[in-house]
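Engineer: Need a 3D model of the following:
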Amino acid sequence: MTQTLEARSPGLLWFGNTLVSIAVPSQTGADRLCVVEHHAPFGDSPPLHIHRNEDEVFRVLAGRIRFKVGDEDRRLAAGDILLAPKGVPHSYRVESGEGGHWLTITRGADFEGLLRAASRPAEARALPPETAPSSEMIETLARLAAENGIDIVGPPLG
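Structural biologist: Okay, the predicted model is just below:
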């Protein structure tokens, strides 16, 4: 099933198997807030990771998403909000068949920098063709994450 994203910013990006839009870039305001809109397919899960410098706030807009933050395991649906504090390992897994749609809000440019470095321009307003990451892609992601204040500390959620 193809998902679409309404144009709210000049550029849409394919980040792994997801479609993202940096709706509010960190350099826009004095507080350096960044808002990223995500669309992800069923089963999408990034590696367990830690943000060294930024808290992350997740606001689920559609779908069901399981979040693991430290020892806490929560399932969120549309309207739910979750804070993943900096320094705490976390990940998510999209559990709804139709995929997931959410906002990520940070204060700073670390996550935004990773997205800009590790993404490619979207060729359509849809999810990218799904691909399994190669070992080279995983190594590159880990390096770019570390360069942007994010440490990969474990596998994706199963």
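
Engineer: ranges for the helices of this structure?
Structural biologist: 110-118, 135-147 (DSSP state H).

Engineer: would you turn these into CSV with mean neighbour count?
Structural biologist: C-beta coordinates here come from the backbone N, C-alpha and C atoms, glycine included. Output for the helices of the chain, formatted as CSV (neighbours: other C-beta atoms under 10 Å):
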stretch, mean neighbour count
helix 110-118, 20
helix 135-147, 14
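
Engineer: so which of these comes closest to L103?
Structural biologist: The closest of the helices of the chain to L103 is helix 110-118. By C-beta to C-beta, the value is 12.2 Å.

Engineer: And stretch 39-51, how far out from the chain middle?
Structural biologist: 6 Å (C-alpha atoms, centre = their mean, to the nearest Å).

Engineer: got the buried residues for that stretch?
Structural biologist: For stretch 39-51, the neighbour count (16 or more other C-beta atoms under 10 Å) marks 39-41, 44-51 as buried.

Engineer: can you list those residues in TSV and add pLDDT and distance to S134?
Structural biologist: Formatted as TSV, the buried residues of stretch 39-51 follow (pLDDT from 0 to 100; distance: C-beta to C-beta, whole Å):
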residue	pLDDT	distance to S134
H39	98	23
A40	98	20
P41	98	18
D44	97	17
S45	97	17
P46	96	16
P47	96	14
L48	97	19
H49	98	19
I50	98	24
H51	98	25
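
Engineer: Quick check: strands, which of those are part of them?
Structural biologist: Using DSSP state E, the subset of these located in strands is 39-40, 49-51.

Engineer: Let me know the closest of the residues you listed to V60.
Structural biologist: Looking across those and measuring by C-beta to C-beta, the closest to V60 is A40, at 11.2 Å.

Engineer: So the closest one sits against V94, correct?
Structural biologist: Yes: counting by C-beta atoms under 8 Å, A40 does reach V94; the two are 5.0 Å apart.

Engineer: Show me the common contact partners of those two, please.
Structural biologist: G100 (C-beta atoms under 8 Å, 6 or more residues apart in numbering).

Engineer: tell me the contacts of the residue at minimal distance from the centre of the chain?
Structural biologist: In the chain, the residue lying closest to the centroid (C-alpha atoms, centre = their mean) is H38, at 6.4 Å. Shown in contact with H38 (C-beta under 8 Å, 6+ apart): 18-20, 100-104.
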